[in-house]
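Q: Would you be able to build a 3D model of this:
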Amino acid sequence: MKKLSFINKIIYTINIIVAVLLLLSFALPFLPPKTFSVLSVLNLGVSFLILVNVLFFLYWLVKLKKQFFLSLIILLIGYFSFGSLYKFSASKKIDSPSNFKVMNYNVRLFNLYDWIPEKGIENNIVDFIKTEAPDILSIQEYHPHENIDLSFFKYKFEKLSGKKVKYGQAIFSQFPIVNSGSIEFPETGNNAIFGDVIKGNDTLRVYNIHLESLHISSEVSSLKKEDSERLFKRIGTTFKMQQFQTELFLMHKKQCKYKMVICGDFNNTAFSYVYRKIKGDLNDTFKEAGNGFGRTHDFKFFPVRIDFIFADKDFSVNRFKAFNNHYSDHFPISTTLSLE
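A: Model prediction:
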């Protein structure tokens, strides 16, 4: 560092801070938010920290300075521990007679309050779902909108709450749903629901989870208005709630003997404690068959993946797609599975 110019010394100091923060964030999936709630806030910035470390690595590499090793080592630790933030391989596409498609979509009440200033958003969502024709559809923030007709699905289970405006989670299926229920999360409108689906000779358990929301705006002006200390405290409290909700879900999941598919909006990233706990030994279908960033939330600053579809290892993951349809603050995702 002695041979660096004054400006490069400042840059390298910032590089050290960002690298240490990224390294610390790699430990967060193993630290319960109830104990480390303040540190857990780093979960949300892992994508940003990775991208910044990539820029630092390239900066020092171009200058032929050995300081590039710092970010390189941290990035390699992350790669071998969690995989790549960006998947460079082409999406897997395997056709099979036993294929069936599962879609997950947080529809944000079908734009009930005109967050998107465009008419007919709810119809666009329905048309999109019809075109993609999933066999199983998992929806968060579902609302029985008067213009919504999803009757092309043969079976459904929904769990709604709210006094004036009904909302909640729903599962739609082309396969018979022979059993269903809800896992109630206290003091919130969020919950998890499940449906036992008959496909051929198999019974599959489909979970739809909506963990506590962070209520973070993607607008810079809105974030600037909120006191940073209060924002961090609120996020930490939300992560504690997410951990409790996850624990309730896992107790229910433990009793299930069927092969399962878990869909949901976790309101947290793949570098979080709740992601690791819910995923367990299941496959993350994006990692198995997707490509790119797999972005699922309309966050303006960097790509965020907070919606997931996990599948039992008995399933072959033959396809995954993250869509860019801007009809909600979330983007839909789908996977094609088969059970040989």
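
Q: tell me how far stretch 125-132 is from the chain's mean position?
A: The gap between the average C-alpha position of stretch 125-132 and the chain average comes to 21 Å, counting by CA atoms, centre = their mean, to the nearest Å.

Q: now stretch 11-26
A: 25 Å.

Q: What's the mean pLDDT across that stretch?
A: On average, the pLDDT along stretch 11-26 is 95.

Q: which residues touch it?
A: The set of residues that contact stretch 11-26 without belonging to it, under CB atoms under 8 Å, 6 or more residues apart in numbering, is 1, 4, 39, 42-43, 45-46, 49-50, 52-53, 56, 59-60, 67, 70-71, 74, 77-78, 81-82, 271. C-betas here are computed from N, CA, C, even on glycine.

Q: worst-scoring helix or strand of this protein, pLDDT-wise?
A: helix 220-225 (a mean of 48; mean pLDDT, DSSP states H and E).

Q: Would you tell me what the next helix or strand after that one is?
A: Downstream of helix 220-225, the first helix or strand assigned by DSSP states H and E is helix 228-254.

Q: Domain ranges for this protein, per the record?
A: Here the domain parsing of the chain from automatic domain parsing is 6-82, 100-338.

Q: right, and the ones you listed - which one's nearest residue 93?
A: Between residue 93 and these, the shortest separation by CB to CB is 5.3 Å, and it involves domain 100-338.

Q: one step back: now, of the domains of the chain, which is deepest in the fold?
A: Among those, domain 100-338 has the highest mean neighbour count (mean count of other CB atoms under 10 Å), at a mean of 18.

Q: partner strands of the host helix or strand of residue 261, parallel or antiparallel?
A: Using DSSP H and E, residue 261 falls within strand 259-265. Neighbouring strands of strand 259-265 in its sheet, by DSSP bridges, are strand 202-210 (parallel), strand 307-311 (antiparallel).

Q: which residues are contacting that strand?
A: With CB under 8 Å, 6+ apart, strand 259-265 has contacts from 102, 104, 106, 136, 138, 140-141, 192, 202, 204-211, 253, 278-279, 282, 306-312, 314-315, 330, 337, 339.

Q: same thing with stretch 174-185?
A: With contact meaning CB under 8 Å, 6+ apart, stretch 174-185 is reached by 100, 135-136, 153-157, 159, 169, 171, 191-199, 203, 212, 241, 244-245, 248-249, 252.

Q: model confidence over the strand or helix carrying residue 80, on average?
A: Remark: residue 80 resides in helix 68-82, with elements defined by DSSP H and E. Confidence over helix 68-82, taken as the mean pLDDT, stands at 93.

Q: what's the offset of it from the middle of its chain?
A: Taking CA atoms, centre = their mean, one finds the center of helix 68-82 at 23 Å from the center of the full chain.

Q: other SSEs contacting that helix?
A: Contact analysis of helix 68-82 by 3 or more CB pairs under 8 Å, 6 or more residues apart in numbering; DSSP states H and E lists helix 6-25, helix 46-62 as its packing neighbours.

Q: Can you name the element that comes right after that helix?
A: Secondary structure here is assigned by DSSP H and E; on that basis, the next helix or strand after helix 68-82 toward the C-terminus is strand 100-106.

Q: Grab the CA positions of the helix or strand following that following strand and hand them over as PDB.
A: Helices and strands here follow DSSP H and E; after strand 100-106, the next one along the chain is helix 108-111. Coordinates of each C-alpha in helix 108-111 appear next as PDB, following Å, rounded to 0.1, in the frame of the first residue of the first chain:
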ATOM      1  CA  ARG A 108     -49.700  -7.000  -5.700                       C
ATOM      2  CA  LEU A 109     -53.500  -7.200  -5.500                       C
ATOM      3  CA  PHE A 110     -53.700  -7.000  -9.300                       C
ATOM      4  CA  ASN A 111     -52.800  -3.300  -9.100                       C
END
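
Q: From residue 105, how far out is residue 171?
A: 12 Å (CB to CB, to the nearest Å).

Q: so what sits against both of these two?
A: With contacts taken as CB under 8 Å, 6+ apart, residue 171 and residue 105 have 137-139 as neighbours in common.

Q: could you dump these to a markdown table with distance to residue 289 and secondary structure?
A: As requested, the shared contacts of residue 171 and residue 105 are exported to a markdown table (distance: CB to CB, whole Å; DSSP: H, G, I helix; E, B strand; the rest coil):
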| residue | distance to residue 289 | secondary structure |
| --- | --- | --- |
| 137 | 19 | strand |
| 138 | 18 | strand |
| 139 | 22 | strand |
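
Q: can I get those in JSON lines with distance to residue 23 and pLDDT?
A: What follows is the shared contacts of residue 171 and residue 105, written out as JSON lines (distance: CB to CB, whole Å; pLDDT from 0 to 100):
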{"residue": "137", "distance to residue 23": "39", "pLDDT": "98"}
{"residue": "138", "distance to residue 23": "35", "pLDDT": "98"}
{"residue": "139", "distance to residue 23": "37", "pLDDT": "98"}
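
Q: of those residues, closest to residue 117?
A: residue 139 (22.7 Å).

Q: Spatially, what comes nearest to the closest one if we skip its sequence neighbours?
A: Computed as CB to CB, 6 or more residues apart in numbering, the closest residue to residue 139 that is not its neighbour in sequence is residue 170, at 4.6 Å.
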